[in-house]
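Chemist: Using only what follows, build the 3D model:
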Amino acid sequence: MKTKKHDFIEIEYIGKIKSTGKIFDLTSEKLAKEKNLYNENIEYGPKIICVGENFIIPGLDKQLIGKETNKTYTLEIPAEEAFGKKDPKLIKLVSTSKFKDQKIKPFPGLQINVDGFIGIIRTVSGGRTIIDFNHPLAGHDLLYEIKINKIIKDTKTKLNSLVKLFFKKEIANIEKDTAIIKADIPEKLQNIIKEKIKKLIPEIKQIKFEKEKK
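Modeler: Just a heads-up that it's a prediction; the model follows:
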């Protein structure tokens, strides 16, 4: 069976930087431990996405349309369809003394937060520090080894995969044709979520929000 736009599919993958083969993302906990990449804060295991809805990077999302289920593919994603090309405007030169005032010793590779923006120090020289605020994968072509396990048909599974985009956890249930989401959120955000559910899961006719019990 081939995938089409707006299908919910279960996938497993390994993401690599094309030029070096370095793994930057993967779904297998076993492989993460074997490669010394395991992070206890990451939820491993197959992921459910909706094709064509940018649950994942655009270049990969686009290439998943029309692929066979239960098959593994190696897909190349150019930088401009992944995390973008490097923007020279996001590379800043600052005085090293600013770090000393904060009791930070800057060194190449150090990740820092400046006014809410994450950057990586590239060089420290002559009292000057160069900070790169581009995404760490900007400018890199990527390779994904990806397996499409199946197309999801279960309505509740589709609903919770969508809700997890907003809340990072499954907090939804279904009663007949009504989705019940346990979340106390502003009406504006409720409306955004409702529109997304109505668009992608038309079998759900009503959406209700309820406060989570503490």
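Chemist: So which bits of the one helix or strand Ala179 maps to are buried?
Modeler: Using DSSP states H and E, Ala179 falls within strand 178-182. Neighbour counts over strand 178-182 (16 or more other CB atoms under 10 Å) mark 179, 181-182 as buried. C-betas here are computed from N, CA, C, even on glycine.
Chemist: And Asp25, how close does it get to Lys16?
Modeler: 9 Å (CB to CB, to the nearest Å).
Chemist: neighbour-wise, which of these two wins?
Modeler: Lys16 (19 against 16; other CB atoms under 10 Å).
Chemist: how about stretch 22-33: buried residues?
Modeler: 23, 25-28, 32.
Chemist: now the strands: where do they sit in this protein?
Modeler: 8-17, 23-26, 47-50, 71-77, 91-95, 111-114, 117-125, 128-132, 142-151, 172-175, 178-182, 206-210 (DSSP state E).
Chemist: Ile57 is nearest to which of those strands?
Modeler: strand 71-77 (6.5 Å; CB to CB).
Chemist: Let me know the angle separating that closest one from strand 142-151.
Modeler: With axes from the mean of the first three to the mean of the last three CA atoms, to 10 degrees applied, the angle from strand 71-77 to strand 142-151 works out at 150 degrees.
Chemist: Now strand 71-77: buried residues?
Modeler: Buried residues in strand 71-77 (16+ other CB under 10 Å): 75, 77.
Chemist: So which bits of the helix or strand of the chain with the lowest mean pLDDT are buried?
Modeler: Every helix and strand of the chain was ranked by mean pLDDT, DSSP states H and E. The lowest is helix 97-101, at a mean of 81. Within helix 97-101, the residues that qualify as buried are Phe99, counting by 16+ other CB under 10 Å.
Chemist: Over to stretch 168-176?
Modeler: Counting neighbours by 16+ other CB under 10 Å, stretch 168-176 gives 171-172, 174 as buried.
Chemist: could you give the mean pLDDT of it?
Modeler: Average pLDDT, stretch 168-176: 89.
Chemist: Any chance you could list what contacts it?
Modeler: 155-156, 159-160, 163-164, 179-183, 204, 212 (CB atoms under 8 Å, 6 or more residues apart in numbering).
Chemist: Can you lay out the residues you listed as CSV showing pLDDT?
Modeler: Shown next, in CSV, are the contacts of stretch 168-176 (pLDDT from 0 to 100):
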residue, pLDDT
Thr155, 95
Lys156, 94
Leu159, 95
Asn160, 93
Val163, 91
Lys164, 90
Ala179, 94
Ile180, 94
Ile181, 93
Lys182, 91
Ala183, 88
Ile204, 96
Glu212, 73
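Chemist: Throw those into TSV and include distance to Lys71, thanks.
Modeler: As requested, the contacts of stretch 168-176 are exported to TSV (distance: CB to CB, whole Å):
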residue	distance to Lys71
Thr155	25
Lys156	26
Leu159	27
Asn160	25
Val163	28
Lys164	25
Ala179	32
Ile180	36
Ile181	34
Lys182	37
Ala183	36
Ile204	30
Glu212	40
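Chemist: from those residues, which is closest to Gln63?
Modeler: Lys164 (22.9 Å).
Chemist: Quick check: closest non-adjacent residue to the closest one.
Modeler: Closest residue to Lys164 apart from its sequence neighbours, by CB to CB, 6 or more residues apart in numbering: Glu170 at 6.2 Å.
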